[in-house]
Structures are given as structure tokens and as C-alpha cells.
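Asker: how would this look folded up:
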Amino acid sequence: MRSHLRTYAPRHQLSVALRSGFTLVELLVTIAIIALIVALLLVAIPQIQRQSRSAVCLSNQRQLNQGFVLYYSDNAGRFMGVDTGLTSWDWVQGQSNLNGNGYETENALKQGRMWSYISENPAVYKSPFDPFSSFQRLRTYSFNAFISTGEGPMWGGPPNWQVNTMGKIPLPSETLVTALEYDHRGYNINGFGISVTGDSIWIDKIAAWHPGHFNVSFADGSVLSYRHAARQDIIDYYMTLPQNGVYWPGPDYEWVRRKMAPGMFQ
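Answerer: Prediction:
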């Protein structure tokens, strides 16, 4: 007689077989984890992009600052001009801005004294935060109008502040050289400056395109992302008003005012 042998799988193998698929709870947990990771990435990516653009912006200002110093070294210790066509030695040569509707051409950059010192790279003149197209605005940055042949005295600066040599800057590490400027007239005309007499008048306005910060450089070659004290919505309002002579008091005005010509006035 043939015997019939019945075989049984070990208990642990049966357990593995029964658990070979995901349960509904496990699927829900997995989906929740994936959703959380995606949400974190959606939050982190814009922040990473802003930090990357800020690094480029600060690098641009550092290169412009270095060009300013190199020109100084090559020209008997005298600065290039910080206006936009006032003199033949200005850093850029601005174009006509008839009725406030003008724009800057690349020739304005090429004909300026800065061009050869930044390897003839037009990208250095424009911040990655600038929301305008390249046709509308080729240049984002402006120089401190209180330095060199700028317009400082007409904005309340001391008459002797029109310095042409580094040795005449009392506090280089505290003196602004470049900033992002928003000039509503089409492009950044002349240097950057504000009233320094304490009346809280912004003759020119720092561009509010970098959320939470103003990117600037100083006469000693350093750069800084200054975290402004005002809320971003207030900055957005005052720094984009379509006129000069904006009255806006506060700690941010005081900070900029004291960085225009430190050591020369209080």
C-alpha cells in the first residue's frame, strides 16, 4: 500500500508568506512620509535658490569693488567716477533718459572705466534678483554718490567728502561702495545716495528684490547681506514708490545714512 505523506511548511515560512504584501495602514504611512518629504522640498528649494542668487549678487558686488580698487592702483591712487556719464572716467557712461523713458545700452557699460576690470562680463552689472528683463535694465548696481566725483554734497553731505583717494575715507570698513538701486526712471542714473541730514528722505531707493535683506559692499572690499528691520511688505511699498524724495524714517534709513560717509558726519 502506498503511503501518503503530508508535508507542512515551517511556521516562520507561513508568517513570511502571509506578510508578503503591504497592509492598508502601511501604505497610508508610506504615502504620508512621501508627502512630508515633498512638502519639505517645496519649502527648501526656494530658500536654496534665494541663497544661491544672493551668493551671485554678493560676488558681483565684490568684483565691482575689486575693479574699483584696481583702477585706483593703476591711476596714481585716484578713483574712477561713480556717476553715469558726468565725466569721461566714470565707471559706466549712461545714455539719454528723455522724459524718464530712457534705457541703458551695452555700450554704456563697454565705454565705462569698469568694463576691462571685470573681464568684460555684462552679467556682473546685474543682480539675479532683478525682476526686469535685460532690455529694460542692464545694470542693477550703483556706487555710493559720496565717493569720488559723485553727487554727495547736493544731498547734504559735507563739502569735503568728494574724496578721490582711499586715504581720505576715514572708515573704509563702514563706508558703502555699492548697493542694488531701484530707479523708477528706467535705469540707475548717477550714483546711489540718500539725504544724510537726518530728515529721513530717500533720494534714491535700495532695491527691495532680495527678500529680507539689502546686499551691499564696503570700501575695504567686504560684502554684506544686511537684514533690514522693517517688514518686507513695508520695504516693498516704500522702495518701489515711483518718485524720488520719499519720506521714510526708521532704523533702516539710519543704518544706510550712517554708512554713506561715516567719520565725516553724525
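
Asker: and Pro242, how many neighbours does it have?
Answerer: 8 (other C-beta atoms under 10 Å). To be clear about C-beta, it is placed using only N, CA and C from the backbone, and glycine gets the same treatment.

Asker: how about it, what does it touch?
Answerer: His184 (C-beta atoms under 8 Å, 6 or more residues apart in numbering).

Asker: Am I right that it falls within a helix?
Answerer: No. Counting by DSSP: H, G, I helix; E, B strand; the rest coil, Pro242 is not part of a helix but coil.

Asker: Give me the phi and psi angles of it.
Answerer: phi -80, psi 50 (degrees, to the nearest 10).

Asker: Begin at 61 from now on, thanks
Answerer: Right, with 61 as the first residue, what we last looked at is Pro302.

Asker: Point out where the stretch 111-260 of the chain drops to low pLDDT.
Answerer: For the stretch 111-260 of the chain, the stretches with pLDDT under 70 are 155-162, 193-195, 212-224.

Asker: Would you map the strands across it?
Answerer: Counting by DSSP state E, counting those that start in this stretch, the stretch 111-260 of the chain has strands at residues 201-203, 236-242.

Asker: quick one: strands adjacent to the first one?
Answerer: To tie it back to what came earlier, the one meant is strand 201-203. In the sheet, strand 201-203 lines up against strand 236-242 (antiparallel) (DSSP bridges).

Asker: After the strand it pairs with, heading C-terminal, what element do we hit next?
Answerer: On the C-terminal side of strand 236-242, the closest following helix or strand by DSSP states H and E is strand 261-262.

Asker: ok, residues contacting that following strand?
Answerer: Contacts to strand 261-262, defined as C-beta under 8 Å, 6+ apart, come from residues 254-255, 298-299, 304-308, 313.

Asker: same deal with stretch 138-156?
Answerer: So stretch 138-156 is contacted by 124, 127-128, 131-132, 162-165, 167-169, 171-174, 185, 199, 202-205, 207-211, 223-226, 247-251 (C-beta under 8 Å, 6+ apart).

Asker: list the buried ones in it?
Answerer: By neighbour count on 16 or more other C-beta atoms under 10 Å, the buried set for stretch 138-156 is 138-146, 149-155.

Asker: Kindly report the same for stretch 235-252.
Answerer: 235-243, 246-252.

Asker: Apart from its chain neighbours, what residue comes closest to Ala290?
Answerer: If the residues on either side of it in the chain are set aside, Ala290 comes closest to Asp312, at 5.6 Å by C-beta to C-beta, 6 or more residues apart in numbering.

Asker: from the middle of its chain, how far away would the helix or strand encompassing that neighbour be?
Answerer: Using DSSP H and E, the element containing Asp312 is helix 311-320. Computed by C-alpha atoms, centre = their mean, to the nearest Å, the chain-centroid distance of helix 311-320 equals 17 Å.

Asker: tell me which residues of it are tucked away?
Answerer: Taking 16+ other C-beta under 10 Å as the criterion, helix 311-320 shows 312-313, 316-320 as buried.

Asker: ok, so of these, who is nearest Trp269?
Answerer: Lowest distance from Trp269 to those (C-beta to C-beta) belongs to Asp312, with 15.4 Å.

Asker: Name all residues that make contact with that closest one.
Answerer: 274, 288-290, 295.

Asker: ranking the residues you listed by neighbours, who comes first?
Answerer: Ile295 (23 neighbours).

Asker: Quick check: closest non-adjacent residue to that one.
Answerer: Nearest to Ile295 is Ala268, by C-beta to C-beta, 6+ apart, at 4.7 Å.

Asker: SS state for the one you found?
Answerer: Quick answer, by three-state DSSP: Ala268 is coil.

Asker: partner residues bridging the spatially closest residue to Asn204 that is not a sequence neighbour?
Answerer: Nearest residue to Asn204, sequence neighbours excluded (C-beta to C-beta, 6+ apart): Leu236, at 4.8 Å. Applying DSSP bridges to Leu236 gives these bridge partners: Phe278.

Asker: residues contacting Ser179?
Answerer: Neighbours of Ser179 in contact, by C-beta under 8 Å, 6+ apart: none.

Asker: again with the one 3 residues further on
Answerer: The neighbours of Pro182, taking C-beta under 8 Å, 6+ apart as the test, are 166, 169, 198.

Asker: Please consider this matter closed, and thank you.
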